Structures are given as C-alpha cells and as structure tokens.
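Asks: my questions are about this predicted structure, shown below with the sequence.
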Number of protein chains: 2
Amino acid sequence: MIEAAAGAGYPMESVFALEGDAIQGAIEVSAEVMRYLAPTLHPRGPVAVMRIPPSGHMTRACLVAYDLSDPGNLGTLIRSAAAFGMDVGVTAASADVWAPKTLRSAAGGHFATTIEQDIQIGDLRDHGFSIVAAVPRGGSDPGILRTVERAAILIGSEAHGLPDQLGAHVKVTIPIGVESLNAGVTAGILAYAYGRDRDREGSGPGSASR
Amino acid sequence: MIEAAAGAGYPMESVFALEGDAIQGAIEVSAEVMRYLAPTLHPRGPVAVMRIPPSGHMTRACLVAYDLSDPGNLGTLIRSAAAFGMDVGVTAASADVWAPKTLRSAAGGHFATTIEQDIQIGDLRDHGFSIVAAVPRGGSDPGILRTVERAAILIGSEAHGLPDQLGAHVKVTIPIGVESLNAGVTAGILAYAYGRDRDREGSGPGSASR
C-alpha cells in the first residue's frame, strides 16, 4: 500500500520499519514500538504517516458507495473501481474512506483512482452522470449497462439497500436465486458488466467516459 | 444465519438468546454470559450450537477455493456460489470452512449450497468437471464460460494464485488494468459470467449442470 501511494506521488511525512528490514528512507523501530504505531495486532511493518488527501473530483464513470457503512465493503468497492478504471463517489453516511480497515480492503486502490466524498446524487445528475441503482429485484439485466454512458453505479448497504426515490435512470438486478450477494461483490460484478463490451472495442470504461 | 440453518433442516443442539429477546426455544442468558459464548466482542445474540455437518458431494457446476487462506474471501466465495446456484469445493490448505469469520462472511450461504472439503483437482477432472483456472493475465475473456459445461472454477489466493501445472481445460482472465481484484470478487464475477447466458435460457448454472 505504501508503494502504491509513493508510486502515485502521494507525499509521506515519515515511514517506520522494523529493525533490519532495510527500507530506504525509513526510521527503524523495535517490534514493541511498531506494535504501538500500527493498527493491527501483529504488525510486520512498515508503517507510513501521510496527510489524508483532499476529496477528489470525479470525471469518469464511477461506482458510488451509497450510505455503505461497512468499511470492508467500501474498501472492496474502491479496489474494484480502481481495477476497472472507474472513479469512486462516497455519500456522507458511508464508512470512513481513510479508516485502516477501508485502506486494507482496498489494497492500494485509494491511490489508483479518484475518490470524491460527501457526494449528492442530484449533483451527479446535474453533472451528466447516468444514475444506475443496483436493486435486489425488479431491475434490468446488468447487460443493459453496455448501453449506458458515463454511469454512476449506486451500491447501497446490505441492510438498507437504496431509497426508492433516488430518481435513477436505470435500475439493474444481478440474476441470482433467493440468496444475497456481498455489497463489494455486487459492485465488482456491475463494474465488470459496465466495462465488458467497451473493453472489446479496445477502450476501457474509464477512457470511454472521460 | 441461524434462521438459514434451521430453515435448511440443520439440527441445532441448543440456541442461546439475550434475556428479553423472546426467541422460541432459546435459552435466555445475560449479556455477560453471551459475551462468553459468542466469538465477537459485542454480541447481540442469538448464538446456536450445532454439529459441523459432514463434507458434501458436489454435483453441480462449482466455485473451488484453491488454497484460499483468507476466511473472509472463502466466506464471500461460498455466499456467491449459493446465490448463483453453484456448489463449492475447498482444497485442504484453504481456510477453515466452519470458522466464525468464514461463516459470517458467507451470511448463511453454508446452508444454501453443497460444500465438499479436501478436494483434489484430479478427482474433479475424473468426475467430468471442466477445470477452469482464474489467472491474472493471459487467459480467455470470461465470456467464454457460457460455452463451458459443468465448470469447476478455481480461485487461488491473492498472494499465490494458482499453480501452473493444474492441467486446466480453460484459463480465464477478468479484463482489468494494472490493479488487482479481491479473490471473493473474482469468484463472484466468474460465477456471474458462467451463469449469464444460461439464465437467459431460463435455466440457472445449477440446473444446467445437475
């Protein structure tokens, strides 16, 4: 994750590594100090201190975490968006974008995409995004996403889903049986479905919507 | 999760609930006792005791956890398999199928599909499964899965992937950029891609391969 951040040009204030790990520019600390610095129980280091970057400004098709309160699911959504060349929008009532658990689940994805926080769905509509709501039943097959330009694909929490009055342009439902899908998996499948035929034409979901 | 197990006919030895929760047949306990019984820090109950079911016998198309050591990813894979009507195979070196974290990630999926443990890939081949390997690069587009019958889709760990000498019939690669996907998300996308056109014909991946 630190390599991803450094590689993307995010400045580090300081980096701490375990004695003997020989990481260039890092301050070496004992295992005892590392346990104090790191958010995990058995840290292997290194640990970096950096300022939380300001909220970004989405320009590409995006996955939107709509009041997604689980940091693991939010991180997985960010990771999938980065992988499929999409931006990320996050509503104010979602989990903390920069919480340790969100960062760990995103596996460096924070530093490979644009994340816009505290978004409002009305603003996205005003800015020309096609609002796509992922709903558990009654929506169109996700294959329809190939016909949608500059989608903002909204993923709600597993407990509460999305409100009815969002004014979505398109509702999609992944065809499954009576069971449910993890919200992070739902985000990944819809990002895949959105990018699918675009990839065949040689332009990813990102480049197609820039 | 307890409702899913009970609804699927798995026998409970006993069920414990917090005093006042009024769950039929449950033994009421104090918050203090619940903290002792439950695997989480702030349990809301109820907690059930049941025997771990014996390993099942896969008959349908399946997702296979190949040395997948993360219990969260294994649980997510089980949940997606249950949702898409597929069975689950698990190699011996994978995470514990019945560990609390695996159960929580699967959200009841254990009780809605067949899980076969300690599987060998050679045995799957002998039993007529088409071995599909998910590889990070160089594989076919997942769209090819619509032409595969009775697939066993192998998902390796994020750290180690799959060994080269598996003798897979088909290798597939999800088209993404330089980033990577969560193993549980990879499993979900490939289950979706496998079931996709079968669903349109009115037969899920499960019924198509029974």
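Replies: Thanks, I have the structure now.
Asks: state the helix or strand in which A:Phe187 lies.
Replies: No, residue A:187 isn't Phe; it's Ala. When secondary structure is defined by DSSP states H and E, A:Ala187 falls within helix A:183-200.
Asks: and stretch A:104-117, anywhere near chain B?
Replies: Yes - Stretch A:104-117 lies within reach of chain B by CB under 8 Å from any CB of the partner chain, at A:Ser105, A:Ala107, A:Gly108, A:Gly109, A:Ala112. Bear in mind the C-beta positions are built from the backbone N, C-alpha and C, glycine included.
Asks: wouldn't the fourth one be in contact with A:Ile78 here?
Replies: Yes - in this structure, A:Gly109 sits in contact with A:Ile78. The criterion is CB atoms under 8 Å, and the distance is 4.3 Å.
Asks: rewinding a little: which among the residues of stretch A:104-117 next to chain B gets closest to A:Glu13?
Replies: A:Glu13 has its nearest neighbour among the residues of stretch A:104-117 next to chain B in A:Gly108, at 18.6 Å by CB to CB.
Asks: show me the beta-bridge partners of A:Ile115.
Replies: Assessed by DSSP bridges, A:Ile115 has beta-bridge partners A:Val88.
Asks: check contacts around it.
Replies: A:Ser55, A:Gly56, A:Ile78, A:Asp87, A:Val88, A:Gly89, A:Val90, A:Val97 (CB atoms under 8 Å, 6 or more residues apart in numbering or on different chains).
Asks: what about the fifth one, how many neighbours?
Replies: Think A:Val88. Using other CB atoms under 10 Å in any protein chain shown, A:Val88 is surrounded by 29 other residues.
Asks: in terms of residue numbering, what are the domains of chain A?
Replies: When chain A is parsed with automatic domain parsing, its domains come out as A:2-49, A:62-209.
Asks: between these, which one is nearest to B:Leu18?
Replies: domain A:62-209 (19.6 Å).
Asks: list the contacts of the residue most central in space within chain A.
Replies: Chain A has A:Ile78 as the residue nearest its centroid, 1.4 Å off, counting by CA atoms, centre = their mean. A:Ile78 is in contact with A:Val88, A:Val97, A:Thr102, A:Ser105, A:Ala106, A:Gly109, A:His110, A:Thr113, A:Ile115, counting by CB under 8 Å, 6+ apart.
Asks: and which of those residues is nearest to chain B?
Replies: A:Gly109 (6.3 Å; CB to the nearest CB).
Asks: and that closest one, how close does it get to B:Ile176?
Replies: Per CB to CB, to the nearest Å, A:Gly109 is found 11 Å from B:Ile176.
Asks: who has more neighbours out of those two?
Replies: Set side by side, A:Gly109 and B:Ile176 show more neighbours around A:Gly109, with 27 against 23, by other CB under 10 Å.
Asks: could I get the domains of chain A as TSV with mean pLDDT and distance to B:Leu181?
Replies: Below are the domains of chain A laid out as TSV (pLDDT from 0 to 100; distance: least, CB to CB, whole Å):
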stretch	mean pLDDT	distance to B:Leu181
domain A:2-49	90	15
domain A:62-209	91	5
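Asks: thanks a lot, see you next time.
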